[in-house]
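1. turn this into a structure:
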Amino acid sequence: MSDETFDINSADGGGLRRELERVLADNKALRAKTEAFEAAKRTQDASEFLSARGLNPKLAKFVPAEAAGDPAAMDNWVKENAELFPTAPADQTGSQVQEPVQTEPIIEAGSRDGWSKIERVAANGSVEPVDIAALESQVAAAQNPAELMALLRQYSIS
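-> This next block holds a predicted model:
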């Protein structure tokens, strides 16, 4: 309460009413803050639980509030909604292990060689040496435009 003094015998009680409304407003604001902190803590706990099980921690926003703080309830929630999560084999602790997803490469076969050269350069830190004299002789020996284009594609020259 504030340091104001109130006249309890006052006929209108206006000062007490104003003080009551201020205290109720403060109480409401504090409750809202407390609820926000509790919600953040529940989400953090659920996130950590899901991460420990090898699941995406972003799923925590879908966990019911009553299940977030209780590991047994979280286990039940994960089991009930297992068909919504990616399947992965379980390791020795019982949690799921995420395996890398094998997808079909998007890169065309012709470009794949160029990408592999780029990856080798990135890994080794150097470019594969090219014998310029041999390349010039191969270009000069090309009989027609198709042979020349095939040679240029071999060296990824466009």
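
2. what about the chain, any weak spots by pLDDT?
-> Counting by pLDDT under 70, the chain shows low-confidence ranges at 1-12, 86-110, 124-130, 156-158.

3. show me the domain layout of it.
-> By the record's domain assignment, the chain is partitioned as 14-84, 109-154 (automatic domain parsing).

4. which parts of this protein are helices?
-> Secondary structure of the chain by DSSP state H: the helices cover 14-52, 65-68, 71-80, 109-124, 132-141, 145-154.

5. ok, the most centrally placed residue in the chain - contacts?
-> Taking Cα atoms, centre = their mean as the criterion, residue 58 is the residue nearest the geometric centre of the chain, at 6.9 Å. Residues in contact with residue 58, defined by Cβ atoms under 8 Å, 6 or more residues apart in numbering, are residue 47. In short, each C-beta sits where N, CA and C put it, glycine included.

6. so how far is residue 50 from it?
-> In this structure, residue 58 and residue 50 are separated by 8 Å, where distance is defined by Cβ to Cβ, to the nearest Å.

7. and what of residue 72?
-> Plainly put, residue 72 is 15 Å away from residue 50 if you go by Cβ to Cβ.

8. go on, residue 44?
-> Summarising the geometry, the distance separating residue 44 from residue 50, computed by Cβ to Cβ, is 11 Å.

9. of the two, who's got more company?
-> Using other Cβ atoms under 10 Å as the criterion, residue 44 and residue 50 rank with residue 50 on top: 22 against 13.

10. surely that one meets residue 59?
-> Yes. With contact taken as Cβ atoms under 8 Å, residue 50 and residue 59 are classed as touching, separated by 5.4 Å.

11. residue 61: neighbour count?
-> Counted with other Cβ under 10 Å, the burial measure for residue 61 works out to 9 neighbours.

12. do the same with the one 10 residues further on
-> Close neighbours of residue 71, defined as other Cβ under 10 Å, add up to 11.

13. which non-adjacent residue is nearest it?
-> Setting aside the residues directly before and after it, residue 71 is nearest to residue 49 in space (Cβ to Cβ, 6 or more residues apart in numbering), at 6.7 Å.

14. tell me which residues touch the one you found, please.
-> In this structure, residue 49 makes contact with 60, 71, 74, judged by Cβ under 8 Å, 6+ apart.
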